[in-house]
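Chemist: structure for the following, please:
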Amino acid sequence: MKKRLLLGVLGIAVLTIAGCGNASEEDKYDAIKEAGVIKVATSPDYAPFGFHTTIDGKDKIVGADIDLVNAIAEEMGVEVELMDMSFNNVLATTKEGQADIAVSAISVTDEREESFDFTTDYYTSPQVIVINKNNAETLNSIESLADKNVGAQKGTIQENIVKNQLAGAQLVSIEKLPNIFIEVSSGSLDALVVEQMVANSYVEQNPDLMIADIQLESMKEDSFSIAVPKGNPKLVEELDKLINEMKENGEIEEMVVKNNELMNSASE
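Modeler: I've put the predicted structure just below:
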């Protein structure tokens, strides 16, 4: 009798532990819906996807990424809580659970896939090299960048592009992207690597800069996706559904074009 009673108690304990484990593994989709808020880690220094501008005398974070998450939140029936930080901290903050998702022109890499699940891509932009127009005649090939100082934003795939595709170039990693453009414009850096849409925005504002006539290899990393901590399939499925709908009706492309125009008008 005592033996049976002990086995019964152990069985209840196992069921209790298992039940607790399932509760702790609640999909973030359900938690977001219950809280009524989706927490989004982003680095708004990457126009036209995310940047600061002044609207009605107040500083505001805007961009195609911001429009995207606002549209997603509206469909989910929740509010958006933006968490403004450096790109180098965006994924770390999300991995630690302080943010529900990371949306910041994020490229999918093998290393990142070890810690995150990614949605379907929502935008694709090839990589380009930006230089000062004064160097147009001399910096016109991969070989011409050997021993040159080439900038890339810290924590991004552009760092790897400099290392892997620009043989002999000296990588200079800088936290904030606008500062890298300033360095190239002033001559402190010889070049920088960045997505084409972002390059277009900055070059249009700065007459000293240009996109170099240098072809970089295309990669899967040219596309942007939303990063979600692993173990949240319901949230990823919902995000994929909404992203695909917005891609099909051209809404995301409109977001990018609108914010590119907004950035250029704000700098005039």
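
Chemist: tell me the contacts of Tyr46?
Modeler: Applying Cβ atoms under 8 Å, 6 or more residues apart in numbering, we find Tyr46 in contact with 63, 87, 104-105, 153, 177, 198. In short, each C-beta sits where N, CA and C put it, glycine included.

Chemist: now Val69
Modeler: 38, 40, 42, 80, 82, 101, 103.

Chemist: can you check Asp27 too?
Modeler: Counting by Cβ under 8 Å, 6+ apart, Asp27 has contacts 231-235.

Chemist: by mean pLDDT, point me to the weakest helix or strand of this protein.
Modeler: In the chain, no helix or strand scores lower on mean pLDDT, DSSP states H and E than helix 2-24, which sits at a mean of 42.

Chemist: and the next helix or strand past that one?
Modeler: Per DSSP states H and E, the first helix or strand lying C-terminal to helix 2-24 is helix 28-35.

Chemist: dump the helix or strand following that next one to PDB, restricted to CA.
Modeler: Using DSSP H and E, the next helix or strand after helix 28-35 towards the C-terminus is strand 37-42. What follows is strand 37-42, C-alpha atoms only, in PDB (Å, rounded to 0.1, in the frame of the first residue of the first chain):
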ATOM      1  CA  VAL A  37       1.600  45.200 -26.500                       C
ATOM      2  CA  ILE A  38       4.300  44.000 -28.800                       C
ATOM      3  CA  LYS A  39       7.800  45.100 -27.700                       C
ATOM      4  CA  VAL A  40      10.000  45.800 -30.700                       C
ATOM      5  CA  ALA A  41      13.800  46.200 -30.500                       C
ATOM      6  CA  THR A  42      15.100  48.500 -33.300                       C
END
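
Chemist: who touches strand 37-42?
Modeler: Counting by Cβ under 8 Å, 6+ apart, strand 37-42 makes contact with 32, 50, 61, 65-66, 69, 72-73, 76, 78-85, 89-91, 93-94, 98-104, all of which sit outside it.

Chemist: restricted to buried residues, select those residues in ChimeraX.
Modeler: Buried members of the contacts of strand 37-42, defined by 16 or more other Cβ atoms under 10 Å, are picked up in ChimeraX with:
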select :32,50,65,66,69,72,73,76,78,80,82,83,85,89,90,91,93,94,99,100,101,102,103,104
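
Chemist: quick one: Ala266 and Pro48, what's the gap?
Modeler: Ala266 sits at a distance of 11 Å from Pro48 (criterion: Cβ to Cβ, to the nearest Å).

Chemist: swap in Glu175?
Modeler: 20 Å.

Chemist: so which of those two has more stuff around it?
Modeler: Each of Glu175 and Pro48 has its neighbours counted (other Cβ atoms under 10 Å); Pro48 has more, 25 against 15.

Chemist: sec struct for the more buried one, please.
Modeler: Under DSSP: H, G, I helix; E, B strand; the rest coil, Pro48 falls in the coil class.

Chemist: isn't it right next to Gln196, touching?
Modeler: No. Applying Cβ atoms under 8 Å as the test, Pro48 and Gln196 come out as separate, 11.7 Å apart.

Chemist: ok, Gln127 - contacts?
Modeler: If you count contacts by Cβ under 8 Å, 6+ apart, Gln127 has them with 158, 161, 193-196, 216, 219, 222.

Chemist: list phi and psi for it.
Modeler: Main-chain dihedrals, Gln127, degrees, to the nearest 10: phi -90, psi 140.

Chemist: repeat for Asp147
Modeler: Dihedral angles of Asp147 (phi, psi; degrees, to the nearest 10) stand at phi 70, psi 10.
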